[in-house]
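Colleague: dropping the sequence and predicted coords here.
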Amino acid sequence: MMSTDPQASMKVTAEHLRRGAYLYVRQSTLRQVLHNTESTHRQYDLRGRAVALGWTAEQIIVIDTDQGQSGASAADRDGFQRLVAEVSMGRAGIVLGLEVSRLARNNADWQRLLELCALSGTLILDEDGLYDPCTFNDRLLLGLKGTMSEAELHLLKARLRGGVLSKARRGELIQRLPVGLVYDPSGRVVLDPDAGVQQAVRHLFTTFAATGSAFAVVKAFTADGLRFPRRLAAGPNKGELVWGPLQHSRVLQVLHNPRYAGAFFYGRHTHRIGPGGKPTIRVLPREQWTVLITDAHPGYLTFQQFEANQARLAELAAARGTDRRASPPREGPALLQGLIVCGICGTRMTVRYHTRAGGQAPEYVCQADGIRHGTPICQRIPGAGIDAAVGTLLVDTLTPLALQAALAVADELAARADQADRLRAATVQRARYHADLARRRYLAVDPANRLVADALEADWNSALREVAEATDAYEQASQAATGQLTAAQHQRITALASDFPALWHDPATPQRERKRMARLLITDVTLLKTDAITAHVRLRGGQTHSLHLPTPLAAWQLRQTPPEVVSAIDQLLDDHTDAQIATILTSRGLTSGTGRPLHARLIRQIRTHYQLPSHTQRLRDAGLLSLAEISRRLAIHPNTVKKWRNDGLLTGRPANDKGEYLYQLPGPDLTRPRIGRPPCSPKPTSETTAASTTGGAV
């Protein structure tokens, strides 16, 4: 038991002893927890110091939930957060720690704890002595200890980082390699000896070179039923190779990784701690990388090819500024998507699609400046007519180049199909190897050891199922032969290649391929809309062509109700309601301006827009009266009016689709029917006479 300093004992008051004593225990790493046990014992021994100062054993609260946690930040230490909470609520009379570095390596966290201890009157004890943060000298000494602890952590990190940088500058730093690259026994980086892994990586780069889009690579792998490898980075099976569907993020990781080009790099990312203690990672420009050594080891492509891929990805980036000059050809009927320039402001125009008669109609819109500054857009031009005119221009101008381009496309399709077939065959071979390995493991075990034999037998059966699935997938893909051209298909392509107009207008040619061909031939198209549409087409060779097109009808004009429908509605409103008119016009085969069937609400909208008097208004203009008006004029009950209408004594015409009627005022010769019950006997009585008289008055 350590002796207690008399001056230290004077700092302890009854108020301190009334509150608890909090012992904070921490080790920086799990390895220190397992091997540096003496430091842990020394921290727990501080309980004896607290007892010597006057606290009971029951008052000592040990917080040791932060074992294996670094003291560089308090954000990830739940135990330290609990300690701060207890101090701030005035429950702690003293805080015990072996040294300042046990409590915090961050001077900001340490100063915050000191401030809270000073406000709540909490003492701090370490191996050197007892301190009262309320006094200046103790506060100054504790602050210096916190600064030295933070400086010590900085020096430790600086030494470690210096060694890492020294190895990195020589290109000898051991890093986690991407799939497809491994370290050989001598520590050199080589290609993965697994031929299936090499084929998968090479096929990814080949497909990107052919399609020019990361998303197109994912679609190609999915369409061919191909899988891509990855190595597990954590868990009990760390380092194991697994195969799965290719994802878009995975493609970008492979394309952006210089290791596949045989380059060693270090310092591509910078790590910073944000205000809330959350680390942020930012990718640095290449000129700010710490180390970049090209041709450091074998790769799957040259560094020049890697640079070309990076330039292509930068061109295809969706957020590459306002000039979308090199945006990728995407799905959709707009042939000139990404090639249109506004003739007013000179910026790139975007594409909108509208549904027209079950299909998509493109529209080129210059809206970038309007969105940025809240101003009206420059112009918007329907694109169907422009696309057709530019397509005709390409067909008329570039027919001699079609044969060579189409034959190159045919050769590329054949090569890609052959490479995909090799990948599928490698998958079958890999599955057979795993099945044979499982079989040998099962045969090598003692049959009497059923616990092991049953598990190995289950593994063997699972491997056999994987072989069957891989074989079936390979056979189905071979039968489909989506990429391999038959003799008839090759002859058809050759025939189409000799006639570029047929290739361009062939329904089997995807619109995306037409866009790719247009981008190879066209630099840009400048549009200007006045009384007519002027399109200035600039070809790759420097030639220019100006096309003049009539201005298409506006959308409201295309959707406008035909005049014959409006005229028919005007005529039928004299004698029919909206629903009746809709039924009559539908039977005649007439529709709205958008081609939809007519209904009562649409008839009402049309007559309101064209200011046609309604059927009710026309009947009112003809002098017909409502139910309330006719009942007052005839001095009878409204139900009586309805009965007389049903009996044919009054003429009523339907006023709307709600069942309401308008009535024509009868002439003076109207014969009023007898109202009331007939007499029960031939001999009238005074009561029946009174009732008859009353009914006649109504």
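Modeller: Okay, I see it. Residues are numbered from 1 along each chain as shown.
Colleague: what residues of stretch 641-649 count as buried?
Modeller: Residues 641-642, 644-645 are the ones in stretch 641-649 that count as buried (16 or more other CB atoms under 10 Å). In short, each C-beta sits where N, CA and C put it, glycine included.
Colleague: please apply the same query to stretch 45-62.
Modeller: Residues 46-47, 49-51, 53-55, 59-62 are the ones in stretch 45-62 that count as buried (16+ other CB under 10 Å).
Colleague: gap between the two ends of that stretch?
Modeller: Stretch 45-62 stretches 11 Å from its first residue to its last (CA to CA, to the nearest Å).
Colleague: quick one: terminal-to-terminal distance for stretch 377-389?
Modeller: Across stretch 377-389, the terminal residues are separated by 25 Å (CA to CA).
Colleague: got the buried residues for it?
Modeller: Of the residues in stretch 377-389, those scored as buried under the neighbour-count criterion (16+ other CB under 10 Å) are 377-379, 381-387, 389.
Colleague: okay, and which of the residues you listed map to strands?
Modeller: Assigned to strands by DSSP state E, the following of these qualify: 381-382.
Colleague: could you dump the buried residues of stretch 377-389 to JSON lines with pLDDT and distance to L598?
Modeller: Converted to JSON lines, the buried residues of stretch 377-389 look like this (pLDDT from 0 to 100; distance: CB to CB, whole Å):
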{"residue": "I377", "pLDDT": "85", "distance to L598": "34"}
{"residue": "C378", "pLDDT": "88", "distance to L598": "38"}
{"residue": "Q379", "pLDDT": "89", "distance to L598": "35"}
{"residue": "I381", "pLDDT": "88", "distance to L598": "32"}
{"residue": "P382", "pLDDT": "87", "distance to L598": "27"}
{"residue": "G383", "pLDDT": "87", "distance to L598": "31"}
{"residue": "A384", "pLDDT": "85", "distance to L598": "27"}
{"residue": "G385", "pLDDT": "87", "distance to L598": "30"}
{"residue": "I386", "pLDDT": "90", "distance to L598": "34"}
{"residue": "D387", "pLDDT": "89", "distance to L598": "33"}
{"residue": "A389", "pLDDT": "90", "distance to L598": "36"}
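Colleague: as a markdown table, the buried residues of stretch 377-389 with distance to G20 would be great.
Modeller: What follows is the buried residues of stretch 377-389, written out as a markdown table (distance: CB to CB, whole Å):
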| residue | distance to G20 |
| --- | --- |
| I377 | 69 |
| C378 | 72 |
| Q379 | 75 |
| I381 | 77 |
| P382 | 78 |
| G383 | 76 |
| A384 | 80 |
| G385 | 83 |
| I386 | 80 |
| D387 | 79 |
| A389 | 86 |
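Colleague: just the buried residues of stretch 377-389 now: which is nearest L226?
Modeller: D387 (34.4 Å; CB to CB).
Colleague: for the closest one, which non-adjacent residue is spatially closest?
Modeller: Once its chain neighbours are removed from consideration, D387 has its nearest residue in L335; the separation is 4.0 Å (CB to CB, 6 or more residues apart in numbering).
Colleague: that neighbour belongs to a helix, doesn't it?
Modeller: No. L335: not assigned to a helix; according to DSSP: H, G, I helix; E, B strand; the rest coil it is coil.
Colleague: can you get me a residue count around F136?
Modeller: F136 is flanked by 8 other residues according to other CB atoms under 10 Å.
Colleague: L23: which element?
Modeller: Using DSSP states H and E, the secondary-structure element containing L23 is strand 20-24.
Colleague: inside helices: which ones of the buried residues of stretch 641-649?
Modeller: Among these, the members falling in helices are 641-642, 644-645 (criterion: DSSP state H).
Colleague: residues near R231, how many?
Modeller: Look at R231: counted by other CB under 10 Å, it has 18 neighbours.
Colleague: over to the residue nearest to D387: give its phi and psi.
Modeller: L335 has phi and psi values of phi -70, psi -40 when expressed as degrees, to the nearest 10.
Colleague: the one 10 residues further on too?
Modeller: C345 has phi and psi values of phi -110, psi -10 when expressed as degrees, to the nearest 10.
Colleague: dump the residue contacts of it.
Modeller: Taking CB atoms under 8 Å, 6 or more residues apart in numbering, we find C345 in contact with 366, 369, 378.
Colleague: quick one: which of those residues is nearest R516?
Modeller: So of these, ranked by how close each gets to R516 (CB to CB), first place is C366, at 24.2 Å.
Colleague: sorry, back to before: ok, so of the buried residues of stretch 45-62, who is nearest R512?
Modeller: V62 (67.1 Å).
Colleague: so which helix or strand takes in that closest one?
Modeller: In this assignment (DSSP H and E), V62 forms part of strand 60-63.
Colleague: hmm, back to that, could I get the buried residues of stretch 45-62 as a markdown table with distance to T211?
Modeller: Output for the buried residues of stretch 45-62, formatted as a markdown table (distance: CB to CB, whole Å):
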| residue | distance to T211 |
| --- | --- |
| L46 | 66 |
| R47 | 68 |
| R49 | 71 |
| A50 | 70 |
| V51 | 75 |
| L53 | 75 |
| G54 | 78 |
| W55 | 73 |
| Q59 | 71 |
| I60 | 68 |
| I61 | 64 |
| V62 | 62 |
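Colleague: between which two of these is the distance greatest?
Modeller: Comparing all pairs in the buried residues of stretch 45-62 by CB to CB, the longest separation belongs to G54 and V62, at 18.0 Å.
Colleague: take the buried residues of stretch 377-389 and keep only those in helices.
Modeller: Those of these mapping onto helices are 384-387, 389, per DSSP H.
Colleague: please report phi then psi for the residue lying closest to R169 once chain neighbours are set aside.
Modeller: Closest residue in space to R169, ignoring its immediate chain neighbours: V291 at 5.6 Å, by CB to CB, 6+ apart. When read as degrees, to the nearest 10, the backbone of V291 gives phi -140, psi 140.
Colleague: and for N449?
Modeller: According to degrees, to the nearest 10, the main-chain angles of N449 amount to phi -80, psi 80.
Colleague: tell me how far it lies from L443.
Modeller: Counting by CB to CB, to the nearest Å, the separation of N449 from L443 is 13 Å.
Colleague: now do A118
Modeller: Counting by CB to CB, the separation of A118 from L443 is 75 Å.
Colleague: out of the two, which sits in the busier spot?
Modeller: Neighbour comparison, A118 and L443: the larger count goes to A118, with 17 against 10 (by other CB under 10 Å).
Colleague: wait, what's in contact with the residue nearest to the more buried one when sequence neighbours are not counted?
Modeller: Sequence neighbours aside, P133 is the residue nearest to A118 in space, at 4.1 Å (criterion: CB to CB, 6+ apart). Going by CB under 8 Å, 6+ apart, P133 touches 114-115, 117-118, 122-124, 139, 142.
Colleague: separation between P133 and K11?
Modeller: Between P133 and K11 the distance, using CB to CB, works out to 11 Å.
Colleague: circling back to that earlier point, surely the residue nearest to D387 touches R514?
Modeller: Yes. Between L335 and R514 a contact is recorded at 6.1 Å, counting by CB atoms under 8 Å.
Colleague: quick one: distance of stretch 651-670 to the chain centre.
Modeller: With CA atoms, centre = their mean, to the nearest Å as the basis, stretch 651-670 stands 63 Å off its chain's centre.
Colleague: quick one, what contacts the residue nearest to Y183 when sequence neighbours are not counted?
Modeller: For Y183, the nearest residue in space outside its immediate sequence neighbours is V189; the separation is 6.2 Å by CB to CB, 6+ apart. Residues touching V189, when contacts are defined by CB under 8 Å, 6+ apart, comprise 177, 181-183, 259, 296-298.
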